[in-house]
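Asks: Sequence first, predicted model second:
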Number of protein chains: 2
Amino acid sequence: MAPRWKGKDAKAKKDAQAEALKEPMSKIVSQLQSSLVQSNTCGFLSGSSVHLAVGAEQLHLLDKACFGSPVRTVEKDKPRFQLSFEEAFYLCYSLKCLKINNDSDDTSPQNSEELWHYMKSKKETFPCFYKAYSHLRMKNWVVRSGAQYGADFVVYCHHPARVHSEYGVLVLSDGEDKDLNGRLRVWSDVHCTTRLLGGVAKILLVLYVNRNGSSNESPLCLANYTIEEHTITRWNPEQCREKMVIHANSDNGTG
Amino acid sequence: MAPRWKGKDAKAKKDAQAEALKEPMSKIVSQLQSSLVQSNTCGFLSGSSVHLAVGAEQLHLLDKACFGSPVRTVEKDKPRFQLSFEEAFYLCYSLKCLKINNDSDDTSPQNSEELWHYMKSKKETFPCFYKAYSHLRMKNWVVRSGAQYGADFVVYCHHPARVHSEYGVLVLSDGEDKDLNGRLRVWSDVHCTTRLLGGVAKILLVLYVNRNGSSNESPLCLANYTIEEHTITRWNPEQCREKMVIHANSDNGTG
């Protein structure tokens, strides 16, 4: 399946694709990274998310790189951004371009061990979700919440304004993680998920995080985690046999 | 993935494809069906297979339609063919072109109820395997044993002499069938199977037979059985993002 670019007609779709190619996601994320380092941006923990007060440039780049979402506040001159734990930890730990304080009055940033413990305490599945999130982000996929589609994440090959998401992601893990290892255990769950995602033209992508016996006491464990990736698609016996005919016909036509 | 036609070079591959198209499998199976009816062919039960003594024409058509395999015998003038339970029951029950006796001396063919009971008693998984086999055959796929690849069946879009098989099939079923419902329960089994099949360029096709509470006491239950089909493929984040670039480049080149 090729990416489905957004646009009201073929030309608009082609333009969206051309724009995306001119400005690859890796470049946008690098720009965001530099800008956050230069502005010495600090976020702070707020329940199950991280809040940022940012300038116009950072605001623009966060939006272009698809991190977080704006929060409505009364102070119109200082727009606020809200990041999920995975997004915040990625900027902080993997890209090293964001500091995170305990709260908005605090001035001594948390180290990555402290953050890891906090996030884990608020969200038990955080270690495996973070591994999955960072794995996809590092390969330049745009990763957003999949809550709307009954998935953990949805994945785009570029900005969601330009392209539809291709995959709905479910994160699975081995024995210890009872929230994650009970998923897709029975085939009726697989049917439900593929049908639901198929209805919104997405493919089910299963990321199985193998912890290889490593504990999750510190973010260092991430290096030991490995990921197995599978897509699961409904199969149509007639459609698949048509390929044979289509290919043969096009061959007959050209040669 | 398009069918991979067999041949030592591109031209030979194209020829194999053109031949296959000229003579579709549905036509070959119809010819076999008429020929078996006309010759009033009878097979007989022999352990876990069905044996046939056939004439040259039927021999040729069985081979072309990919049913069974020849058996070496001392009588050279009467070649023998051996069919699996699924193949024999398909010719007998679905295509109604084969009679099956209890043994080679018997002259009163078994009815389909009797055959069903015999086959079920020899092979507990027969009802679900037969449902899967006949489902694929009716859609004109060629279905052979997948034992060589750790699968139940392998599936070809035409004769195995012309094309490589595209799928390795595993049959699963709901609760009652303990041999079939314990399969692919853990993700490590999914990894093993997709890797093994991937190594021989096949995709894992899972056929989940839902018995919808129907008993398997008679072949009439087959009408109540439904099938859900999924393919499971390993996913490569880099390769999949390349599609974006490839598609855009070809667009840039042509428009």
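Replies: Here it is on my side, so go on. Numbers count the residues shown, from 1 in each chain, chains lettered A, B, ... in the order given.
Asks: got the residue ranges for the helices in the stretch 101-250 of chain A?
Replies: A:112-122, A:126-138, A:178-181, A:187-199, A:237-254 (DSSP state H, counting those that start in this stretch).
Asks: Between these, which one is closest to A:Ala56.
Replies: helix A:126-138 (24.2 Å; CB to CB). C-beta coordinates here come from the backbone N, C-alpha and C atoms, glycine included.
Asks: and the closest one with chain B, contact?
Replies: Yes. Using CB under 8 Å from any CB of the partner chain, helix A:126-138 reaches chain B at A:135-136.
Asks: thinking again about what came up before, out of the helices of the stretch 101-250 of chain A, indicate the one that is most buried.
Replies: Across these, averaging neighbours per residue (mean count of other CB atoms under 10 Å in any protein chain shown) puts helix A:126-138 on top, at a mean of 23.
Asks: what packs against that helix?
Replies: On a contact count with 3 or more CB pairs under 8 Å, 6 or more residues apart in numbering or on different chains; DSSP states H and E, helix A:126-138 meets helix A:85-89, helix A:112-122, strand A:142-145, strand A:153-156, strand A:167-173, strand A:203-210, strand A:226-234.
Asks: Please tabulate those in a markdown table, including the columns mean pLDDT and distance to chain B.
Replies: Shown next, in a markdown table, are the helices and strands packed on helix A:126-138 (pLDDT from 0 to 100; distance: least, CB to the nearest CB, whole Å):
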| stretch | mean pLDDT | distance to chain B |
| --- | --- | --- |
| helix A:85-89 | 97 | 16 |
| helix A:112-122 | 94 | 23 |
| strand A:142-145 | 96 | 11 |
| strand A:153-156 | 95 | 9 |
| strand A:167-173 | 94 | 6 |
| strand A:203-210 | 93 | 5 |
| strand A:226-234 | 92 | 4 |
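Asks: just so I know, which of the ones you listed lies nearest B:His135?
Replies: Comparing the helices and strands packed on helix A:126-138 by CB to CB, strand A:226-234 comes nearest, at 14.4 Å.
Asks: how about the closest one: buried residues?
Replies: A:228-234 (16 or more other CB atoms under 10 Å in any protein chain shown).
Asks: Would you format those residues as a markdown table with distance to A:Ala12 included?
Replies: Listed next are those as a markdown table, based on distance: CB to CB, whole Å:
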| residue | distance to A:Ala12 |
| --- | --- |
| A:Glu228 | 38 |
| A:Glu229 | 32 |
| A:His230 | 34 |
| A:Thr231 | 28 |
| A:Ile232 | 32 |
| A:Thr233 | 28 |
| A:Arg234 | 30 |
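Asks: of those residues, closest to B:Lys78?
Replies: Nearest member of those to B:Lys78, counting by CB to CB, is A:Arg234, at 46.4 Å.
Asks: Stretch A:2-22 and chain B in contact?
Replies: Yes. For stretch A:2-22 and chain B, the contact criterion (CB under 8 Å from any CB) is met by A:2-3, A:14, A:17-18, A:20-21.
Asks: Any quick PyMOL command for the buried ones out of the residues you listed?
Replies: One line in PyMOL is enough to select the buried ones among the residues of stretch A:2-22 next to chain B; burial here means 16+ other CB under 10 Å:
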select buried, chain A and resi 3+14+17+20+21
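Asks: Taking the residues of stretch A:2-22 next to chain B, tell me the two that lie furthest apart.
Replies: Those two in those that are separated most widely, counting by CB to CB, are A:Ala2 and A:Ala18, at 14.8 Å.
Asks: got any ranges where the stretch 151-255 of chain A has weak pLDDT?
Replies: A:175-176, A:240, A:242-255 (pLDDT under 70).
Asks: again, only this time at 90
Replies: A:166, A:174-201, A:213-216, A:234-255 (pLDDT under 90).
Asks: who's in contact with the closest residue to A:Pro237 other than its chain neighbours?
Replies: Among residues not flanking A:Pro237 along the chain, B:Lys139 sits closest, at 3.9 Å (CB to CB, 6 or more residues apart in numbering or on different chains). Residues in contact with B:Lys139 (CB atoms under 8 Å, 6 or more residues apart in numbering or on different chains) are A:237-238, A:241.
Asks: now stretch A:82-94, how far from the chain's geometric center?
Replies: Put simply, stretch A:82-94 sits 11 Å off its chain's centre (CA atoms, centre = their mean, to the nearest Å).
Asks: any idea how far A:Ser134 is from A:Cys221?
Replies: 13 Å (CB to CB, to the nearest Å).
Asks: Kindly report the same for A:Lys6.
Replies: Applying CB to CB to A:Lys6 and A:Cys221 gives a distance of 38 Å.
Asks: cool, A:Ala65 as well?
Replies: Counting by CB to CB, the gap from A:Ala65 to A:Cys221 is 26 Å.
Asks: Please say which of the two ends up with more neighbours.
Replies: More neighbours surround A:Ala65 than the other of A:Ala65 and A:Cys221, with 22 against 16 (other CB atoms under 10 Å in any protein chain shown).
Asks: Can you pull the phi and psi angles for the more buried one?
Replies: Dihedral pair for A:Ala65: phi -90, psi 0, per degrees, to the nearest 10.
Asks: How about the secondary structure of A:Gln33?
Replies: helix (DSSP: H, G, I helix; E, B strand; the rest coil).
Asks: List the contacts of the residue nearest to it when sequence neighbours are not counted.
Replies: Leaving out its chain neighbours, the residue that sits closest to A:Gln33 by CB to CB, 6+ apart is A:Cys97, at 4.4 Å. Counting by CB under 8 Å, 6+ apart, A:Cys97 makes contact with A:32-34, A:36-37, A:41, A:91.
Asks: which secondary structure element contains A:Cys97?
Replies: Following DSSP states H and E, there is no helix or strand that holds A:Cys97.
Asks: Any idea what the residue most central in space within chain A is bridged to?
Replies: Among the residues of chain A, A:Val143 comes closest to the average C-alpha position under CA atoms, centre = their mean, at 1.8 Å. According to DSSP bridges, the partner residues bridging A:Val143 are A:Val155.
Asks: wait, doesn't it sit right on A:Asp152?
Replies: No. A:Val143 lies out of contact with A:Asp152 (CB atoms under 8 Å); the separation is 9.5 Å.
Asks: what sits in contact with each of the two?
Replies: Contacts common to A:Val143 and A:Asp152, judged by CB under 8 Å, 6+ apart, are A:Val169.
Asks: for the closest residue to A:Ser94 other than its chain neighbours, what are its contacts?
Replies: Setting aside the residues directly before and after it, A:Ser94 is nearest to A:Ser134 in space (CB to CB, 6+ apart), at 5.5 Å. Each residue near A:Ser134 by CB under 8 Å, 6+ apart is listed here: A:86, A:90, A:94, A:222.
Asks: for A:Asn102, same thing?
Replies: A:44-45, A:110.
Asks: Narrow those to those in strands?
Replies: A:44-45 (DSSP state E).
Asks: so which of the contacts of A:Asn102 comes closest to B:Asp106?
Replies: A:Leu45 (81.2 Å).
Asks: if you skip the residues just before and after it, what's nearest to the closest one?
Replies: Closest to A:Leu45 by CB to CB, 6+ apart is A:Asn102, at 6.0 Å.
Asks: And that neighbour, how close does it get to B:Asn181?
Replies: From A:Asn102 over to B:Asn181 (counting by CB to CB), the distance is 50 Å.
Asks: Over to A:Ser215?
Replies: 34 Å.
Asks: Ok, A:Asn140 next?
Replies: For A:Asn140, the distance to B:Asn181 - CB to CB - is 40 Å.
Asks: what bridges to A:His51?
Replies: With DSSP bridges as the rule, A:His51 is bridged to A:Phe44, A:Gln82.
Asks: ok so, going back, just the buried subset of the contacts of A:Cys97, written out for PyMOL, thanks.
Replies: The PyMOL command for the buried members of the contacts of A:Cys97 (criterion: 16+ other CB under 10 Å) is given here:
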select buried, chain A and resi 32+33+36+41+91
